[in-house]
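Novice: sequence and predicted structure below; questions after.
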Amino acid sequence: QVQLAESGGGLVQAGGSLRLSCAASGRTVSTFRTYAMGWFRQAPGKEREFVASVSRGGDNTMYADSVKGRFTISRDNAEKTVYLQMHSLKPEDTAVYYCNTRPRPVWSWGQGTPVTVSS
């Protein structure tokens, strides 16, 4: 099993930046490098949605249209960690952010890290 622990969220003003981290751990964490990874978010009262993904080797990335040009996903396979650098944050980015495998979530969801963007 693999456990996911997201961190780095917080309260920020519109236009600000945050860097989120997602650390994988557990007995089978050596499989981390065999999966593409993604960031997802869930705003209050809404469904969880895709934000960004990164390929197994880190060389290919994809983004939701709503964050393209503002967010950057990356990974460190040696550290078994995925990052999400967020710039030019908007109030509509307010949500709890999660990571998991892509294209389908294989591991149990972590607690997520909340991001609140004030206008």
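Specialist: Received, thanks.

Novice: now do the residue nearest the centre of the chain, the pLDDT please.
Specialist: In the chain, the residue lying closest to the centroid (Cα atoms, centre = their mean) is W39, at 2.9 Å. On pLDDT, W39 comes in at 98.

Novice: now swap in T28 and tell me
Specialist: At T28, pLDDT is 85.

Novice: verify the stated contact: H87 with R19.
Specialist: No - applying Cβ atoms under 8 Å as the test, H87 and R19 come out as separate, 9.7 Å apart. C-beta coordinates here come from the backbone N, C-alpha and C atoms, glycine included.

Novice: any idea how far stretch 89-101 is from the middle of the chain?
Specialist: Here stretch 89-101 is found 7 Å from its chain centre; the criterion is Cα atoms, centre = their mean, to the nearest Å.

Novice: right, I mislabeled it, should have said stretch 82-96
Specialist: The mean C-alpha position of stretch 82-96 is separated from the chain mean by 9 Å, Cα atoms, centre = their mean.

Novice: now do the buried residues in that stretch.
Specialist: Buried residues in stretch 82-96, counted by 16 or more other Cβ atoms under 10 Å: V82, Y83, L84, M86, L89, D93, T94, A95, V96.

Novice: any idea how far Y63 is from G69?
Specialist: As judged by Cβ to Cβ, to the nearest Å, G69 and Y63 stand 8 Å apart.

Novice: with neighbour numbers in mind, choose between the two.
Specialist: Set side by side, G69 and Y63 show more neighbours around Y63, with 17 against 9, by other Cβ atoms under 10 Å.

Novice: now the nearest residue to the more buried one once chain neighbours are set aside, which residues is it bridged with?
Specialist: Using Cβ to Cβ, 6 or more residues apart in numbering and skipping residues adjacent in sequence, the residue nearest Y63 is A52, 4.8 Å away. Applying DSSP bridges to A52 gives these bridge partners: W39, Y63.

Novice: isn't A52 up against N60?
Specialist: No - here A52 does not reach N60: they are 11.4 Å apart, not a contact under Cβ under 8 Å.
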